[in-house]
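S.K.: the following comprises the amino acid sequence and a computationally predicted model.
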Amino acid sequence: MMLASGVKVGADEIVPIIIDPDTSNADLTRTVSLLNKYSAIRDNLQFSTGNENRFFRTEIKQIIPNYTLLINDTDDKSFQQFIDYASMNKANQALTKMLFSEKNLQSSMEVGFKGNPNIGSVVLNQIAHSSDFETFASDFSDGDRIFIISSIFGGTGASGFPLLLKTLRTGKNFPNHDIINRATIGAITILPYFKLKQDDDSEIDSSTFISKTKSALAYYESNISKNGSIDALYYLADDVAKTYENHEGGSAQQNDAHLIEFLGATAIVDFSNSTYTGTSNMELGIKDGADTVSFNSFYQRMRNMLYNPMVQFTMMSNALTYKAETYKSSSFNANNGNFEDLYNSIFFNDLTDFFRKYHEWLKEMRENKRSLYLFNLSCGDKPFDLVEGVKPKRILSKFSDYNLVTDRLNSAVRNCKSSGKENKFLEMFYLGTQKLVKEKLSN
């Protein structure tokens, strides 16, 4: 969503790779769907030197199917079957039972590692030998950067992060290993920020999250931070925790978007725009511990990163969601000779669907705990009552509200340098909302 709004990252292209054995996870399928929608919109756009639009400017490149690295040999298998326990001799079976509980051994591999990093560390050891990893390595170029996102209190992330980092730094059996070994690598590790309802039938117990986190942090300090294998390591957590339903995985696992995930995305932006000498350990703070977070809760650097692009994008999404008929009509002068046939296109349908998902995202974060309340999406005919905690400025104009928006868009379309109706349409909204934010809602 930040990329769609035009938040400036230090790269022209992002290549997402998801590592999750639970391919039916509803959160995963929702993420892949959103990435596909973004790419479908971006494929219709060209960013020439004169095009000032920043909406959807960064390309999201897909190099493996569904952006998801395939973990081999986990379908319809228990962990016991995966390690071929039955064929072990008695000594190795005894050792295995010392390391893994009976519940671990019987655990199904189809829905992830259920908060067990000891299982994940075994299964994920195969990553570097997969064809998907080879595709990633073959696509890697000198100057590219790597950023790893993982949780520290579960199974897949907690086990996968150290293994992946070690492979990237020391592995030799994949293409471009010399370039990858010396690449700039950053990561964010997410500490506990939610709880799960107690369920005796579930293998996941959120009461163990803190103890797992403490153990992992001690390991990270000795084996990651102190040995210089990473350039930047970001930490993020929250002590205000909402309790979710206890779903081990699959289609039932669909949690609402959360403040911590939003803030985690800003670590990627910061990393992409920074240089490092030695390992930097980073934490993020907000101004107060209130239950509701707004733009006013952020320190200036964070506010500067997010405010203008997100306010502009939200203003555009509101106009094309709640005043769509106005801007699709011939009474909107900018349409004449420019966009008459745009509104029946697949591009416009994809764009409006993306706006719907964007509003859902904002709503989920607002209703979650702790709440992220950035925008008043029910401002109706008052488009400048948009930003929570920001009072619109008064300006000298014969226009107000959406009449002012329309006037600025009609002026902006005459200043567009891009060609093609899709490019010009978004550049018009970018230039128009840029002027409106400066006039009415300047940071």
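M.R.: The structure has been received and is ready for your questions.
S.K.: how deep is the residue nearest to Ile148 when sequence neighbours are not counted tucked in, by neighbour count?
M.R.: Computed as Cβ to Cβ, 6 or more residues apart in numbering, the closest residue to Ile148 that is not its neighbour in sequence is Ala187, at 4.0 Å. The way it works is simple: take the backbone N, C-alpha and C, and place the C-beta from them, glycine included. Applying other Cβ atoms under 10 Å, we find 23 residues neighbouring Ala187.
S.K.: and what of Ala237?
M.R.: 16.
S.K.: burial of the spatially closest residue to it that is not a sequence neighbour, as a residue count?
M.R.: Closest residue to Ala237 apart from its sequence neighbours, by Cβ to Cβ, 6+ apart: Leu191 at 3.3 Å. Leu191: 18 surrounding residues under other Cβ under 10 Å.
S.K.: who touches Leu191 in this structure?
M.R.: Contact analysis of Leu191 by Cβ atoms under 8 Å, 6 or more residues apart in numbering lists 151-153, 213, 235-237.
S.K.: please report phi then psi for it.
M.R.: Per-residue torsions, Leu191: phi -90, psi 170 (degrees, to the nearest 10).
S.K.: Thr321 touches Tyr358, doesn't it?
M.R.: No - contact criterion Cβ atoms under 8 Å: Thr321 and Tyr358 do not qualify, at 9.2 Å.
S.K.: quick one, which of these two is more surrounded?
M.R.: Set Thr321 next to Tyr358 and count neighbours by other Cβ under 10 Å: Tyr358 wins out with 19 against 14.
S.K.: show me the contacts for the more buried one.
M.R.: 1, 4, 313-314, 317.
S.K.: and it, helix, strand or coil?
M.R.: helix (DSSP: H, G, I helix; E, B strand; the rest coil).
S.K.: spell out which helix or strand contains Ala412, please.
M.R.: helix 401-413 (DSSP states H and E).
S.K.: no, scratch that, I was asking about Ala187
M.R.: Applying DSSP H and E, one finds Ala187 within strand 184-190.
S.K.: I'd say Leu362 and Leu377 touch.
M.R.: Yes - Leu362 is in contact with Leu377 according to Cβ under 8 Å; the separation is 6.5 Å.
S.K.: and Glu283, how close does it get to Val240?
M.R.: 17 Å (Cβ to Cβ, to the nearest Å).
S.K.: ditto for Val15
M.R.: Counting by Cβ to Cβ, the gap from Val15 to Val240 is 34 Å.
S.K.: just Asp178 next, same as before
M.R.: Distance from Asp178 to Val240, by Cβ to Cβ: 45 Å.
S.K.: and those two? which has more neighbours close in?
M.R.: Neighbours per residue, other Cβ under 10 Å: of Asp178 and Val240, the larger number sits with Val240, 15 against 9.
S.K.: pLDDT value on that one, please?
M.R.: pLDDT for Val240: 73.
S.K.: cool, and the one 3 residues further on?
M.R.: In this model, Thr243 is scored at 74, pLDDT.
S.K.: C-terminal to the helix or strand where it lies, what's the next element?
M.R.: Using DSSP H and E, Thr243 maps to strand 242-244. Using DSSP H and E, the helix or strand that follows strand 242-244 in sequence is helix 259-272.
S.K.: and the angle for that following helix with strand 184-190?
M.R.: Between helix 259-272 and strand 184-190, the angle comes out at 170 degrees (axes from the mean of the first three to the mean of the last three Cα atoms, to 10 degrees).
S.K.: what's in contact with helix 259-272?
M.R.: 2, 7-11, 145, 147, 149, 186, 188, 190, 193, 232, 234, 236-238, 282, 284, 293, 302, 305-306, 365, 368, 370-372.
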